[in-house]
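Q: Next comes the sequence, and after it the predicted model I'd like to discuss.
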Amino acid sequence: MISRRNIRVKVMQTLYALETMEPGTIKPGTATSLLKEKLDQTCQIFTYLLYSLVRVAQYAEIDAQARASKHLPTAEDLRVSTKITGNEFIDQISADKGFQVNLDQWKMKLMHDQELIRKLYNILAATDTYKSYINTPDRSKTSEKELVEFLYKQVLITNEAFLQHMEDQFLHWGDDADMMGILINNYMNKPHLFNFLQLISQEKLEYARELLLTVMDKKEYCLELIKPKLQNWDPERIAAVDMLLMEMGVCEFLFFPTIPTKVTINEYIDLAKAYSTPQSGQFVNGILDNILKDLELGKQIQKIDRTKK
């Protein structure tokens with residue numbers, strides 16, 4: 001399922017987008033509407049990537065039929081394997097009713113490029129990994145999983161044409177690409193935990209909305225805590241993403257009692273490294289750590305065990 005880190009990324013992106021908008025264009029509901037749009041697109045990208053895996057696998061049937069229908073098919077044409085179409089993980093994806101609902105709701109069946117699917121299948125079919133897979137008569141959960149993981153990691157996301165296709169279809173593909181690798185891996189390990197009709201739990205949706213609105217509401221207060229810690233740094237020259245991440249971190253310290261402070265600091269260090277400058281991780285770590293010490297000294301940090309909430 002979509003993780004809290006994914007949620008933090010979407011909140012950060014929403015806050016950044018809001019800061020680039022003209023003040024007069026931000027109306028009541030704009031922020032939450034923008035956040036929902038970004039969260040929805042994450043779900044759409046995830047669903048479409050799985051759909052692409054299914055389409056490439058299913059192309060084996062089309063290829064086999066086309067070769068067998070030749071006027072003078074060769075022995076090789078008549079021996080094309082369609083083993084991948086019965087792959088356990090491919091079957092599980094395509095048979096999921098929620099998955100099919102999403103495909104119809106988001107009109108994803110109209111988005112795929114049949115010629116691109118053909119090329120991706122041919123790339124897969126030429127690999128030693130695929131040849132070994134189809135030449136092994138037995139099926140095992142491990143081999144079924146490894147083949148689909150290979151298709152994703154070594155064929156789809158390494159193919160320039162496919163990456164361009166994703167950029168053309170999804171505005172924020174570049175922001176979500178790394179995150180998708182984690183989500184696909186999570187799905188392959190525990191597909192039974194994924195509900196396609198609710199890829200983001202209600203609890204996480206509430207967290208996303210609350211974090212967004214809290215940062216917006218408490219921005220001035222957060223800046224009062226952050227600016228004294230900047231020492232010789234000019235706030236105007238600090239990366240905008242760094243400032244947003246620190247504001248989010250301070251809000252989690254003070255207004256999200258079930259999130260441990262250590263978790264907050266580690267998460268925002270990682271996000272700074274991933275989405276800002278090479279030095280941002282260390283910079284964000286230092287500032288948040290200093291602020292946390294002051295807050296703890298003033299007994300302003302009140303954390304509770306989430307299980308006892």
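A: That came in fine, so what should we check first?
Q: What is the neighbour count of Ser33?
A: 12 (other Cβ atoms under 10 Å). Placement of C-beta: from N, CA and C, glycine included.
Q: One more: Asn6?
A: Asn6: 22 surrounding residues under other Cβ under 10 Å.
Q: And for Thr74?
A: Neighbour number of Thr74 under other Cβ under 10 Å is 9.
Q: Could you check how far it is from Asn266?
A: Taking Cβ to Cβ, to the nearest Å as the measure, Thr74 falls 58 Å from Asn266.
Q: tell me the mean pLDDT over the helix or strand encompassing Met180?
A: According to DSSP states H and E, Met180 maps onto helix 173-189. Summarised as a single mean, pLDDT over helix 173-189 is 88.
Q: And that helix, what's buried?
A: Buried residues in helix 173-189, defined by neighbour count with 16 or more other Cβ atoms under 10 Å: 173, 175-177, 179-180, 183-184, 187.
Q: Any chance of TSV for those, columns distance to Leu50?
A: As requested, these are exported to TSV (distance: Cβ to Cβ, whole Å):
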residue	distance to Leu50
Trp173	15
Asp175	19
Asp176	14
Ala177	15
Met179	14
Met180	10
Leu183	10
Ile184	8
Tyr187	7
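Q: Tell me the one of the residues you listed nearest Ile301?
A: Set against Ile301, the nearest of those by Cβ to Cβ is Met179 (29.3 Å).
Q: could you say what helices and strands the helix holding Met180 packs with?
A: Packing partners of helix 173-189 (3 or more Cβ pairs under 8 Å, 6 or more residues apart in numbering; DSSP states H and E): helix 4-19, helix 30-68, helix 141-150, helix 160-169.
Q: number of nearby residues for Val54?
A: Around Val54 there are 20 residues (other Cβ under 10 Å).
Q: That one and Leu110: what is the separation?
A: For Val54, the distance to Leu110 - Cβ to Cβ - is 15 Å.
Q: Ok, Glu247 next?
A: With Cβ to Cβ as the criterion, Glu247 and Leu110 are 40 Å apart.
Q: The two: which has the busier surroundings?
A: Using other Cβ under 10 Å, the more surrounded residue of Glu247 and Leu110 is Glu247, with 23 against 7.
Q: where's that one, which helix or strand?
A: helix 240-255.
Q: can you list contacts of that helix?
A: 8, 11-12, 15-16, 19, 211, 214-215, 218-219, 222-223, 225-226, 235, 259, 261, 264-265, 268, 271-272, 275-277, 280, 283-284, 287-288, 291-292, 295, 300-301 (Cβ atoms under 8 Å, 6 or more residues apart in numbering).
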